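Q: below is the sequence, then the predicted model.
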Amino acid sequence: MAKIREDLIGAVYVGNHVLYAGDEIPDEVTVGPHLVESAEPAKRRRSRKEE
């Protein structure tokens, strides 16, 4: 079963589900691939302060 990525800060609200970093994603829940744990680390986006 897929998991929410470990580096997620905050929570994902999907219907009646609240998912946090490392939580398993239930079969009845669909989330975007950017939220799913993968072998590659997520690309870090620059904040406006860094630009």
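A: Yep, that arrived.

Q: which residue is nearest the centroid of this protein?
A: Leu35 (2.7 Å; CA atoms, centre = their mean).

Q: over to it: give its phi and psi.
A: In terms of degrees, to the nearest 10, the main-chain angles of Leu35 are phi -100, psi -10.

Q: so where's the protein shaky on pLDDT?
A: Applying pLDDT under 70 to the chain picks out residues 39-51.

Q: so His34 sits in a helix?
A: Yes. Residue assignment for His34, taken from DSSP: H, G, I helix; E, B strand; the rest coil, places it within a helix.

Q: number of nearby residues for it?
A: His34 is flanked by 10 other residues according to other CB atoms under 10 Å. To be clear about C-beta, it is placed using only N, CA and C from the backbone, and glycine gets the same treatment.

Q: state the distance from it to Glu6.
A: Using CB to CB, to the nearest Å, one gets 14 Å for the distance from His34 to Glu6.

Q: what does Asn16 give?
A: On the measure of CB to CB, Asn16 and Glu6 end up 23 Å apart.

Q: which of those two has more residues huddled nearby?
A: Between Asn16 and Glu6, Glu6 has the larger neighbour count (other CB under 10 Å), namely 10 against 7.

Q: good, wrapping up.
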